[in-house]
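Q: This is the structure alone, sequence omitted:
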């Protein structure tokens, strides 16, 4: 468990944040200027905060009251930047070996062949960074960080400099990293899709403070943290079948979902992010619609907004689905906790980047 408590004042901005990051991928999420990179730089030792304490178990990186401040090179961190920052004069193999060279002799080490296989960089070993794509550079950077035997990995918006195609290429490797490596990861992002796919814990930041923290399904559905337009749900489902017409059939606690073909093998467990404003509600079971997904649940909560909107939370077999509707619609439907309700989701409204795998399932 990584424990972080920081306070630092800049001109016109004050960071005052405290949170816990358990094992897995903890995503620091928020708009530019919310304090994400400041926190990561403090954890890395690149920023000395006015006040702070950073610990992981019995390992103390920083305690300003006790005047403890480990130097960056003694913190045993692997740092993955927006750009790969590989040594241009070295081959991929040499860049990877450079990370391993800095690993303490008595530290548990990752096996290089295993890391190479996990990241799919075997064919790249004899190339230099100048001959690699942006996605390939990032995979090598991940490998170099892993092979340094870190106690913690920091990833500061590692996909921000990539186009959508390269992001789609890299995200599965971060999913494997989350599921197959025991090193905790502190990951910075302003993309809700990345959060939904990767996070085991989310710390949502706003103006230098923690707006919400917890599992992604809880934080992404928190209107106070995400705003009405950003609120979404995460549904977990199993791939049942890929049909000939290009539609994938999924089964989960909420019922059957139909999506444009998902890049996952049959039997794989996946996460699906559903944006609240893409959900339509109906008290009666709809009939004759073009929308493929009609899920049945019970109204668990109703939260009017300051404007004309309202957020409705449905209990779907133990999972929560959030819908954004107008207050006029909620009133006309007579929505109230405990009532049965049907949620309509167009299959094409779920973007490919909002579907990710979990539990170590391989893409198919």
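A: That came through fine. These numbers come from a predicted model, not from an experiment.
Q: all contacts plus neighbour counts: C-alpha atoms, from now on.
A: Will do.
Q: in the sheet, who's paired with residue 78?
A: Beta-bridge partners of residue 78, counted by DSSP bridges, are residue 153.
Q: That one against residue 156, yeah?
A: No. In this structure residue 78 lies outside contact range of residue 156 using CA atoms under 8 Å: 11.1 Å.
Q: Compare these two (neighbour count), which wins?
A: Comparing residue 78 with residue 156 by other CA atoms under 10 Å, the one with more neighbours is residue 78, at 25 against 22.
Q: ok, so what distance separates that one from residue 247?
A: Distance of residue 78 to residue 247, given as CA to CA, to the nearest Å: 40 Å.
Q: just residue 343 next, same as before
A: Between residue 343 and residue 247 the computed distance is 20 Å (CA to CA).
Q: Comparing those two, which residue is more hemmed in?
A: residue 343 (23 against 16).
Q: what residues are up against the more buried one?
A: Residue 343 makes contact with 279, 280, 281, 282, 293, 294, 295, 296, 297, according to CA atoms under 8 Å, 6 or more residues apart in numbering.
Q: looking only at pLDDT, what's the mean for the strand or helix carrying the second one?
A: What it means is residue 280. Following DSSP states H and E, one finds residue 280 within strand 279-282. Averaging pLDDT along strand 279-282 yields 95.
Q: any idea how far that strand is from the chain center?
A: Centroid separation for strand 279-282 versus its chain: 27 Å, with CA atoms, centre = their mean, to the nearest Å.
Q: what's it in contact with?
A: The contact list for strand 279-282, computed with CA under 8 Å, 6+ apart, reads 322, 323, 324, 325, 333, 341, 342, 343, 344, 345.
Q: Identify the residues contacting the helix or strand just after it?
A: Proceeding N to C from strand 279-282, the next assigned helix or strand is strand 293-304, under DSSP H and E. With CA under 8 Å, 6+ apart as the test, strand 293-304 has contacts from 254-258, 286, 310-317, 327, 335-347.
Q: Show me where the stretch 1-150 of the chain dips below the pLDDT cut-off.
A: Scanning the stretch 1-150 of the chain for pLDDT under 70 picks out 104, 106-108.
Q: Strands of that one, start to end?
A: Applying DSSP state E, counting those that start in this stretch to the stretch 1-150 of the chain gives strands spanning 2-10, 13-21, 25-29, 51-56, 59-63, 68-69, 77-80.
Q: Also the stretch 201-350 of the chain?
A: Counting by DSSP E, counting those that start in this stretch, the stretch 201-350 of the chain has strands at residues 201-206, 209-214, 232-242, 247-252, 255-260, 269-275, 279-282, 293-304, 309-316, 319-326, 340-345.
Q: Break the protein into its domains for me.
A: Domain assignment for the chain by automatic domain parsing gives 2-219, 232-357.
Q: These into CSV, with extra columns for distance to residue 225?
A: Output for those, formatted as CSV (distance: least, CA to CA, whole Å):
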stretch, distance to residue 225
domain 2-219, 5
domain 232-357, 11
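Q: for the ones you listed, which one sits closest to residue 226?
A: Comparison of those against residue 226 by CA to CA identifies domain 2-219 as nearest, at 7.7 Å.
Q: Check the strands of the stretch 1-150 of the chain for me and report the most buried one.
A: Mean neighbour count (mean count of other CA atoms under 10 Å) peaks for strand 25-29 among the strands of the stretch 1-150 of the chain, with a mean of 28.
Q: Give me the angle between it and strand 209-214.
A: In terms of direction (axes from the mean of the first three to the mean of the last three CA atoms, to 10 degrees), strand 25-29 departs from strand 209-214 by 150 degrees.
Q: In the stretch 201-350 of the chain, where is pLDDT below threshold?
A: Across the stretch 201-350 of the chain, residues meeting the criterion (pLDDT under 70) sit at 228.
Q: what would the strands of the stretch 1-150 of the chain look like in JSON lines with distance to residue 86?
A: Below are the strands of the stretch 1-150 of the chain laid out as JSON lines (distance: least, CA to CA, whole Å):
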{"stretch": "strand 2-10", "distance to residue 86": "28"}
{"stretch": "strand 13-21", "distance to residue 86": "28"}
{"stretch": "strand 25-29", "distance to residue 86": "24"}
{"stretch": "strand 51-56", "distance to residue 86": "28"}
{"stretch": "strand 59-63", "distance to residue 86": "26"}
{"stretch": "strand 68-69", "distance to residue 86": "28"}
{"stretch": "strand 77-80", "distance to residue 86": "10"}
